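Asker: predicted model and sequence follow; I will ask about them next.
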Amino acid sequence: MDRPTSGYWPSRETVLTAPDRIAAVERATASASRCLADQLARLVAEACGAPNALISLVHVQRQVVLGSFGAGRAGAGPAEIAAERSLCESVVAAGIPIIVSDATQDRRFAETAAVRKHGLGAYVGFPIRDADDLVVGVLAIGDHLPREWSARQLTVIDDAAQLFTAGLSGEIDRHLRDAPEQESVPDTIAELTDGLDTIHAFTGALLTSLQTGVAACDRDGNLIVFNQAMRRLLSMADGDDSADLVPDEWPTAMHLYHPDHRPFAADDVPLRRALRGERLREIDVLALAPGRRPRVLSINGQPIVDASGDRVGAVITAEDITHRRRSEQLQACELAAAQALVDTPSLPVAAGHALAAIGECLHWPHAELWLADELTGALTPTARWDQPGRAPIPRLPDSVLDTDAGLVHTVWKSGAPLWVADIASGPMADPMAAGCGLHAALAVPVRSGERTTGVLTVFSAHAEEPESSLISVLLGIAAQIGQHLDRRRAESYAARLARSEEEYIALVGHELRTPLTSISAYTELIKESEDDETLGNVRPLLEVVDRNTRLLLNIVENLLDLAALDSGHTMLELVPTDLATIVRDAIEGYRPMAEEQGVTVRAELPTDAPLVADPERLRQAVDHLIDNAVRYSPDGGHVDVGLDLSGGALALTVADSGIGIPVNELELVTRRLRRGTRSTERKIRGTGLGLAIATTVLARHGGTLTLHSAGEQGTTATARLPLRPPPAATPE
């Protein structure tokens, strides 16, 4: 067959007026089933959510309408219309489908009668061929408004055109050759399927071939059409007899829910709304079949009317848009979690908001964030979220995961995400979560730099297959949590640097000036003494100079030592060490000072407390803690020293019965040259460097120092040390 090589309109002489094609059109006109064409036009229009459909045979300057749907023509019988310069004529002339999203803007068709007079906005036409592969007609779908045709809709139209082509080729019409032509189309789908076995078989073949779900009912709500695609979308077994379902049973039997997981009321089911006369467009419905992955369906529907306009039933089509909605959910989830982490400075609060964003966007009922303790590696819950109205997993607020088994610990150790389809059994079982009706779980690592510092875990109440896009999104959120940790750490370091500058200014302004002023004043007095003044007369002055000189030297040495520890220039000599021995020796060293002040030092220590550390530096830190406790305890007071090995770390506690520290100063007094207001008011001597040095020494070992004080009832200092310091604690 000749095909055009240029221009919008093909040569009529070479295609449309070809004698063999005209003869084929005449044969098709005589043999084609008009009832079949009408029913096919209706089904295709409903499947595509289009208001009009047309099946016609194109002659020369005219076309014979075999079947149509829309504009009151359903079942109206054959008719002839002018075809010159029509879109259908163009499909026949070209021999290929023509797809138009906006006919008013398409120069090829903007001036056709269908566009100018009848307001056609969008069009799809697929050629229909006979047994000799000659194009004799067109299956066309039209809409009054411009629209984008989806790939699924185009597939439905193509399939229908192929099926009608098969009918013209004899695969269907040979069964109708000896049957009289039907005079009219029945009023209802039920009458149609009961009366025409051949058309029923053809309709069944069409419905089975469609990838779009189709369901239809008669005016009484009896399900007449419920194709395989619809069963598959709703996860209904082939053996389920949908025809026996009454409308009130539809929501439960079909597992229909609103997108927010509210169950459908019987009157709200889309097919029932269409039966009441509503035209539905892109209504989202959630299908939650037990034990199956949730599906999101986009529903189109409308009532079915006969030639007189009476409502005889309703039809809906369903398209699976789960992936599209899932993509939108994941984007919203990632954005909401990122916003929560940016807006809230506190990690527990920010993490809680991020977990809520994950759960609410993805409709997963539980989420947890576990972070590893820097000393022991034990995983502790930092934040959790439970779906409102759902019983939480009965974990204790201070639960600690310190075993080598389980989902969270496995991901923390491996640093790789892990998807568990069933948490009720197996090595990754979580009996507590499973007992709360949770089914699947996904855990991803939270990383800070090169280290895995925690695990983000989410739980689903339904069966879930591994989903790479969800894993990627949660990995991204976990990375944002890790960056949040790094950002807060960097801000803390920056704040410490700023405080250091302030502290050095305070040093110049007070700590160094005070002894220097005394030295200067007493030196001046000595200079003013008579030449024959005896040494005994000026000795008290020299003692003041000596005392203040030694104080200055002590401050300078401590500052230099602290600077070397902070910068890493001082190397730690890490060897197997017994902390219990170090503490005993320190207590004995301070016992004379304690007895002089009337302070009792009591100790409860184990026989040994082995760890890997620098013994001299640890002794330095312990000395400062005991010195502070004794110095600030009153006459008759006591100091209690304890050492405990639990949770994979050593905890040294030094508790005094002294003046205490105001709560708002507990963190300040660990900074260099900072002393509590109570100690300065009582003129208790000190340099303000002891706790700063102890804190730095412990930090270099990977440890921490925390202070607790209850009013003026004393202070408890707790130093926690890992049994072996992390590699990062030792500078290279």
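Answerer: Received, thanks.
Asker: and the residue of the chain most remote from its centre, how far from L525?
Answerer: Checked against the mean C-alpha position of the chain, the extreme residue using Cα atoms, centre = their mean is D532, at a distance of 88.6 Å. Per Cβ to Cβ, to the nearest Å, D532 is found 16 Å from L525. (Each C-beta comes from the backbone N, C-alpha and C, glycine too.)
Asker: ok, now D310?
Answerer: Taking Cβ to Cβ as the measure, D310 falls 121 Å from L525.
Asker: give the contact list for the residue lying closest to L525 once chain neighbours are set aside.
Answerer: Leaving aside its chain neighbours, L525 sits nearest to L541 (5.5 Å; criterion: Cβ to Cβ, 6 or more residues apart in numbering). L541 sits next to 522, 525-526 when contact means Cβ atoms under 8 Å, 6 or more residues apart in numbering.
Asker: report the buried members of these.
Answerer: Neighbour counting with 16 or more other Cβ atoms under 10 Å marks Y522 as buried within the contacts of L541.
Asker: go through the contacts of L541 and say which is closest to I661.
Answerer: I661 lies nearest to Y522 out of the contacts of L541, by Cβ to Cβ, at 33.7 Å.
Asker: so which bits of the host helix or strand of that closest one are buried?
Answerer: If you go by DSSP states H and E, Y522 is part of helix 513-528. For helix 513-528, a neighbour-count test (16+ other Cβ under 10 Å) marks 515, 518-519, 522 as buried.
Asker: could you export those residues as JSON lines, including pLDDT and distance to P19?
Answerer: Putting these into JSON lines (pLDDT from 0 to 100; distance: Cβ to Cβ, whole Å) gives the following:
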{"residue": "P515", "pLDDT": "75", "distance to P19": "121"}
{"residue": "S518", "pLDDT": "79", "distance to P19": "126"}
{"residue": "I519", "pLDDT": "81", "distance to P19": "125"}
{"residue": "Y522", "pLDDT": "80", "distance to P19": "131"}
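Asker: for stretch 606-616, C-alpha coordinates in CSV please.
Answerer: This file holds the C-alpha atoms of stretch 606-616, laid out as CSV (Å, rounded to 0.1, in the frame of the first residue of the first chain):
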residue,chain,number,x,y,z
PRO,A,606,37.0,-3.7,94.1
THR,A,607,40.2,-5.7,94.3
ASP,A,608,41.2,-4.7,90.8
ALA,A,609,39.7,-2.7,87.9
PRO,A,610,41.8,-3.5,84.8
LEU,A,611,41.7,-1.3,81.7
VAL,A,612,44.0,0.0,79.0
ALA,A,613,45.1,3.6,79.8
ASP,A,614,47.9,6.0,80.6
PRO,A,615,48.3,5.5,84.4
GLU,A,616,50.0,8.8,85.1
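Asker: so what touches it?
Answerer: Defining contact as Cβ under 8 Å, 6+ apart, one finds that stretch 606-616 is touched by 572-582, 643, 645, 650, 701, 721-725.
Asker: now L163: how far from T212?
Answerer: From L163 to T212 the distance is 15 Å (Cβ to Cβ).
Asker: E573 too?
Answerer: Counting by Cβ to Cβ, the separation of E573 from T212 is 76 Å.
Asker: and those two? Which one has more around it.
Answerer: Set E573 next to T212 and count neighbours by other Cβ atoms under 10 Å: T212 wins out with 23 against 11.
Asker: need the pLDDT of the more buried one.
Answerer: Among the per-residue scores, T212 shows a pLDDT of 80.
Asker: right, and it touches I316 too?
Answerer: No. With contact defined as Cβ atoms under 8 Å, T212 does not count as touching I316 (10.3 Å).
Asker: what touches both of those two?
Answerer: Counting by Cβ under 8 Å, 6+ apart, T212 and I316 have no shared contacts at all.
Asker: all strands of the stretch 551-700 of the chain, in order?
Answerer: With DSSP state E, counting those that start in this stretch as the criterion, the stretch 551-700 of the chain has strands at 575-578, 600-604, 610-613, 638-646, 649-656.
Asker: same check on the stretch 1-150 of the chain?
Answerer: Ranges of strands in the stretch 1-150 of the chain, per DSSP E, counting those that start in this stretch, are 52-58, 62-69, 79-82, 98-100, 122-129, 135-143.
Asker: could you dump those into TSV and include mean neighbour count, mean pLDDT and distance to L36?
Answerer: Below are the strands of the stretch 1-150 of the chain laid out as TSV (neighbours: other Cβ atoms under 10 Å; pLDDT from 0 to 100; distance: least, Cβ to Cβ, whole Å):
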stretch	mean neighbour count	mean pLDDT	distance to L36
strand 52-58	26	89	9
strand 62-69	24	85	7
strand 79-82	12	68	17
strand 98-100	20	90	24
strand 122-129	25	92	12
strand 135-143	27	91	12
